[in-house]
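> Starting from these lines, generate the structure:
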Amino acid sequence: MSLHDPQRTDVNVAIVGVGNCASSLVQGIAHYSNGGANEQIGLSHWDLGGYRPKDLKIVAAWDIDKRKVGRDVAEAIFAPPNCTTVFCDHVPETGTKVRMGKLLDGIADHMANFPDERTFLLADGQREPTHDEVVEVLRDTGTDVMINYLPVGSQKATEFYAECALDARVAFVNCIPVFIGSDEAWAKRFEEAGVPVIGDDIKSQLGATIVHRVLTDLFKKRGVKLDRTYQLNTGGNTDFLNMLERARLASKKISKTEAVQSVAEHRLDPEQIHVGPSDYVAWQNDNKVCFLRMEGELFGGVPMNIELRLSVEDSPNSAGVAIDLIRCARLAKDRGLAGPIHPAASAFCKHPPRQVADDEAFVELERFIRG
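Here you go, the predicted structure:
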C-alpha cells in the first residue's frame, strides 16, 4: 500500500547536467502539465502511484557551461550545445537557476578540438561546489530525487553526486552507464543509508537497446538460433561527440552488450556480438540512427538474417522514461524503501542489478506501482 501523502503531491527534482536529456525532461513536464489522461500520448503512465507529470518541480540544477550557469533552468535548456527538438513552445520559468557544477572527469579532453557551439564552454571564474555545499542545497530545496545526466564516462563526477545524495538522504536516479545502482558496494551503502537508488543507464522508450532485446527474445521464443549480431549507432549530439574518446566507453559497451546478452537463449561469443556507439555525425544533431543486423538459423539449420534501421530523436526518446523513473523513486521514498528499486531498474535501465525479460519486468513494475 502506498504511503503517498495527498496533501503533498510535488516531487522536487534536482538535475545534474543540463544537456539535451534535461531539456527534453523539462519540456516534457511543461508539455504534460495541462489536460488529462486522454492527452497522455507518449507516456506509459499518466498517473503513477498518485503522481502526475505536472507534479515534478525542478528545484536544483548543476552544469559547468557558462551559457547555462546562472540562468533559469527554463532558459538554460535551450542554450548551446543543446540541439534537441523543441516540442514545447512555452516552458515557464522554474525559479531555479543553474549552479556551477563539479567538473572532475565530466568533460573529455578532446572536446576542446571542436567548435564552441558543439561542445562545452567552461564557466571560468565560477567556483566548483564542495560536497557539503551540494548537500546543503539538496536539503534546503527539499529535493526528493536527484537525476544524473552527466556525460558517459563521468565516473568520478557521478560518484561525487551519488555521495551527496546519500548524505542528503535524496533518492538517486542514474541515467548514465556509470555503475552505481548495479554495483554491490554502492547498492549496499544506499540500502544502509535508507535511500532508494535506481540505475544504471536509462533504457529509452523505443530505442536501439529495447528493440534489440525484443528481437533477441523473439528469436529465443520462436526457436531461432542467434549466431551473431551487431548494433551500430550514430548521432550528432554532445553525447556522441563525448564518446569519440573510446576510453570513456568501457562501461557503456558493457551496459548495452549485457542488455542484449541477458535475454539471449545462449550467450554469444564476444567476437560474435558488437553493441555500442559507433560514430559522431555532426549534422544529425540529436537524431540517433541505429543499424541493427541479426544472423541466425531456422528449422533444419537453414540460415536467415534480419536488418533494421531505426531513427529517433535521442533525448525525447528517454524523457518519458525519466519521468517514470523519478516518480518510482519518489514512490519508493514514500514507502520507506532503500537500496536498489529492482522493478523500476529492471524495466527502465540497460544495466540494472537484476536482468529479467522485458515482459516479466513490466509485470513486476505494475505490481510495484500498485503497491
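
> buried stuff in the lowest-mean-pLDDT helix or strand in the chain?
Every helix and strand of the chain was ranked by mean pLDDT, DSSP states H and E. The lowest is strand 273-280, at a mean of 91. By 16 or more other C-beta atoms under 10 Å, the buried positions in strand 273-280 come out as 273-278, 280. All C-beta spots, glycine's among them, are computed from the backbone N, C-alpha and C.

> what does stretch 206-214 give?
Within stretch 206-214, the residues that qualify as buried are 207-213, counting by 16+ other C-beta under 10 Å.

> Any chance of a markdown table for those residues, columns secondary structure, distance to residue 92 and pLDDT?
What follows is those, written out as a markdown table (DSSP: H, G, I helix; E, B strand; the rest coil; distance: C-beta to C-beta, whole Å; pLDDT from 0 to 100):
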| residue | secondary structure | distance to residue 92 | pLDDT |
| --- | --- | --- | --- |
| 207 | coil | 29 | 96 |
| 208 | helix | 33 | 96 |
| 209 | helix | 33 | 95 |
| 210 | helix | 32 | 96 |
| 211 | helix | 35 | 97 |
| 212 | helix | 38 | 98 |
| 213 | helix | 37 | 97 |
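
> tell me which of these is nearest to residue 162?
residue 209 (23.0 Å; C-beta to C-beta).

> Is the residue lying farthest from the centre of the chain in a helix, a strand, or coil?
When distances to the mean C-alpha position of the chain are computed (C-alpha atoms, centre = their mean), the maximum falls on residue 300, with 41.8 Å. With DSSP: H, G, I helix; E, B strand; the rest coil as the basis, the three-state label of residue 300 is helix.

> Now for it: which residues touch it?
Not one residue lies near residue 300 by C-beta atoms under 8 Å, 6 or more residues apart in numbering.

> pLDDT score for it?
If you check residue 300, the pLDDT there is 98.

> circling back: need the buried residues of stretch 206-214 in JSON lines with distance to residue 137, can you?
Rendered in JSON lines, the data for the buried residues of stretch 206-214 read as follows (distance: C-beta to C-beta, whole Å):
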{"residue": "207", "distance to residue 137": "32"}
{"residue": "208", "distance to residue 137": "35"}
{"residue": "209", "distance to residue 137": "33"}
{"residue": "210", "distance to residue 137": "34"}
{"residue": "211", "distance to residue 137": "39"}
{"residue": "212", "distance to residue 137": "39"}
{"residue": "213", "distance to residue 137": "37"}
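
> count of neighbours near the nearest residue to residue 40 once chain neighbours are set aside?
Sequence neighbours aside, residue 46 is the residue nearest to residue 40 in space, at 4.1 Å (criterion: C-beta to C-beta, 6 or more residues apart in numbering). Other residues near residue 46 come to 14 when the count uses other C-beta atoms under 10 Å.
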